[in-house]
Each structure stands twice: as structure tokens, then as C-alpha cells.
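1. Here is a sequence with its predicted model. Questions after.
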Amino acid sequence: MRFCRKQLTAYQRRSLRTIEIMMGITIALDILLVAIRERYNLSIPWRYGMAILSIAPVIATILLVARYLRGEKDEYMRNLVVESILWGLSAVLISDSFFSYVRPYVSLIPIGNLSLDVFVITTSFALESKLWRNQ
Amino acid sequence: MKNRLRVLRAERNWSQADLAERLQVSRQSVNAIETGKFDPSLPLAFRLARLFETTIEAIFSDEDSDTSTAPGL
């Protein structure tokens, strides 16, 4: 998002910063929870608790994006962000469908936790390219 | 949809950034509307019309309107 940041309004920058922080928390928490799961033999209730904990920042990120879209006065930018999110979700669906078939045969690739990465990379790339095309 | 935004802006010697500031939108929005990549909503079209002190029809025109009305004229 660095490329287009200077073209953003204060509201967009502030929203983006908050969303980035929440996504950072999501990734950090995911790494931490996976490490705990692999290190300790946890009971089923604990595993469910960790699963719920892991989705909390994801839900918070979705709410932050929704709040940003509700407050965004620039309808063109709102359209771009929604389109980019749809690109991100499409990429997640496609990659998940593909890897769900590959997973049993290719155990070397850590494909279990790639959804968020695929979403962030695709959404960012789509937004950047749309803004760049419309300089 | 065709529009005369670029002409109206040039008449007033406004840059895209000037117009964007007056409309409280991004410069990319102005560029997208001018190039026909994005059709503004009705509230934004009214804001544009008010800003240029004209009507929406004077700024925007349907691409099919010329051909559809021509046979009847």
C-alpha cells in the first residue's frame, strides 16, 4: 500500500493504519496459537477456545473495513476498495479450492494458513493497480 | 456516459486537483469521471451541476441518446 499512500486522504490513511495494525495482530496471534498448539497437547475445549480467539481479530478487521466503507465519502474510492476486496476473496476461493486437492499429496508447503496472505496480497495489488491505471 | 467535465473545468482554468478539492473527492475520482471510467451517483452529479451552475443534462449525456433521437427528428 506504500505506492498509493501519499494520494490518500487523512481519513483513508487513518483507516488503513488501523486495518494494518489489526491484520498484524491477526498474523501474530495466528503464529502464536499454532506454536502453542504444536508445543502442548491441549484438550478439545482449549482448542475450541483458541479457534475462537484466532477469529476475533479477523472479525475486528472486517468490522473496521465496514466502518471505513460506511464513512468513505469518495464514492469512486469506495467502489475501488469493494472491487479490490472482491478480487481478494476470489483469489482466496480459487487458491483454497486448488490447495484442498493438492494438500494430501504435497505436505511440504505450509498451505494451511495462506488464506489471509492471499487475500491481503491480492486485494493490495488490485487496489494499487486500479489506482495506478487511473493516475 | 459522455460528459463535458473536462471542457467545463478548462473554461474555469481548474486542474483536476482543484475540482476534486471543491467536490471533496479524490483527484482519481475526477479523472475517472472525465475519462468515462466511472459514472457518478446522482448526489455527486447534482454537486457537479451546482458547482458549474448548470444542469446535469448539460454536463452528462447518454451515449445512445444521439442515435435514438436522430430518426425521430
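-> Cool, got the structure. If you're wondering where the values come from, they're calculated on a predicted model, not measured in any experiment.
2. Quick check: A:E83 vs B:D18, distance?
-> Using Cβ to Cβ, to the nearest Å, we find A:E83 at a distance of 27 Å from B:D18. C-beta here means a position set from N, CA and C on the backbone, and glycine is covered the same way.
3. same thing with A:R133?
-> Distance from A:R133 to B:D18, counting by Cβ to Cβ: 22 Å.
4. pLDDT wise, what is A:R78 at?
-> As predicted, A:R78 sits at a pLDDT of 91.
5. likewise the one 10 residues further on?
-> A:G88 carries a pLDDT score of 92 in this model.
6. Pull the contacting residues for it.
-> Counting by Cβ atoms under 8 Å, 6 or more residues apart in numbering or on different chains, A:G88 touches A:V118, A:F119, A:V120, A:T122, A:T123, A:A126.
7. Helices - which of those residues land there?
-> Using DSSP state H, the subset of these located in helices is A:V118, A:F119, A:V120, A:T122, A:T123, A:A126.
8. and residue 30, what element?
-> Using chain A here. Here A:D30, judged by DSSP states H and E, is contained in helix A:10-39.
9. wrong one, I was asking about chain B
-> Using DSSP H and E, B:V30 sits within helix B:27-34.
10. Please see if that helix touches chain A.
-> Yes. Counting by Cβ under 8 Å from any Cβ of the partner chain, contacts between helix B:27-34 and chain A involve B:R27, B:Q28, B:S29, B:N31, B:A32, B:I33.
11. Those residues of chain B touching chain A, which are they?
-> Going by Cβ under 8 Å from any Cβ, the residues of chain B near chain A are B:24-29, B:31-33, B:35, B:37-38, B:40-41, B:44.
12. surely A:R47 meets A:Y40?
-> No. Using Cβ atoms under 8 Å, A:R47 is not in contact with A:Y40; the gap is 10.4 Å.
13. still on that earlier bit, out of the contacts of A:G88, the closest to chain B would be?
-> A:A126 (14.6 Å; Cβ to the nearest Cβ).
14. Contacts only, for that closest one.
-> Residues near A:A126 by Cβ under 8 Å, 6+ apart: A:E83, A:S84, A:W87, A:G88.
15. What's the ChimeraX syntax to select whichever of those residues are buried?
-> Buried residues within the contacts of A:A126, by 16 or more other Cβ atoms under 10 Å in any protein chain shown, are selected in ChimeraX with:
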select /A:84,87,88
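16. Among the contacts of A:A126, which lie within strands?
-> Among the contacts of A:A126, no member falls in strands (DSSP state E).
17. Just name the closest of the contacts of A:A126 to chain B, please.
-> If you rank the contacts of A:A126 by distance to chain B using Cβ to the nearest Cβ, A:E83 comes first, at 11.0 Å.
18. quick one: the closest one and A:D74, what's the gap?
-> Look at A:E83 and A:D74: by Cβ to Cβ, they are 14 Å apart.
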